[in-house]
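**Student:** Sharing a sequence plus its predicted fold:
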Amino acid sequence: LDAAKAVIPVLAARALWPGTEGIAAVAAVAGHCFTPWLAFKGGKGFASAAGALGALAWPAMLVCAAIWGVTLYLSRISSVSSLVSVIAAPVVAWGLGYPQVIPPLIAIAAVVITAGLVAGAFGETELLRRRAHQHHDRLGDDLDRGNIGEVAHVPLEDGGASSTHRQGRRKQQTNTESHK
């Protein structure tokens, strides 16, 4: 759905006002990240950026999707792979021969990075602190640990506010082993 927020305006701009697709793409992603209906607090913009890239240059979007997948495999952190893909998009577009979309993709990357920084400064500081201290769940950790996803609140090691960590079978296994 977030991708469609950018695809539809870009395709409409292409049909109605050829040459304005880049402006429509940047406006759509910025509108998603800083929506006035939510006091200028919106999404992170990764999905809408992917939709904009798909509408502007779909082959570049496919390459960036592969970059996202490889980065996700290596880092197992979705936001890292999304950020790498958004930053790589202008380079990929240049490499595939889409020079006309490079300026809007640079602007979109700036919007997405700014949205991430604003979110960190105004409401996601706990998440950023966990990431800085490597106290975040990576995709697949529950599978690696054999956890099934029971959610518990545990305090951060630095004494900060409590954060959510997944616990499940590991806790049960520890309890079972201590009773043997």
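**Tutor:** On my side now, so go ahead. Numbering: from 1, shown residues only.

**Student:** before we move on, which element is Ala28 in?
**Tutor:** For Ala28, the element it lies in under DSSP states H and E is helix 21-33.

**Student:** Show the average pLDDT along that helix.
**Tutor:** For helix 21-33, the mean pLDDT works out to 92.

**Student:** Which elements pack onto it?
**Tutor:** Contact analysis of helix 21-33 by 3 or more Cβ pairs under 8 Å, 6 or more residues apart in numbering; DSSP states H and E lists helix 4-16, helix 46-56, helix 102-121 as its packing neighbours. (Each C-beta comes from the backbone N, C-alpha and C, glycine too.)

**Student:** continuing past the helix or strand that contains Met61, what's the next helix or strand?
**Tutor:** Here Met61, judged by DSSP H and E, is contained in helix 58-75. For helix 58-75, the following helix or strand on the C-terminal side (DSSP H and E) is helix 78-95.

**Student:** Check the contact between Leu72 and Val84; I expect there is one.
**Tutor:** No: using Cβ atoms under 8 Å, Leu72 and Val84 do not qualify as a contacting pair, with a distance of 9.3 Å.

**Student:** And the helix holding Met61, what's buried?
**Tutor:** Applying a neighbour-count criterion of 16 or more other Cβ atoms under 10 Å, one finds Ala60, Met61, Val63, Cys64, Ile67, Trp68, Thr71, Leu72 buried in helix 58-75.

**Student:** ok, now stretch 9-24?
**Tutor:** Applying a neighbour-count criterion of 16+ other Cβ under 10 Å, one finds Pro9, Val10, Ala13, Glu21, Gly22, Ile23, Ala24 buried in stretch 9-24.
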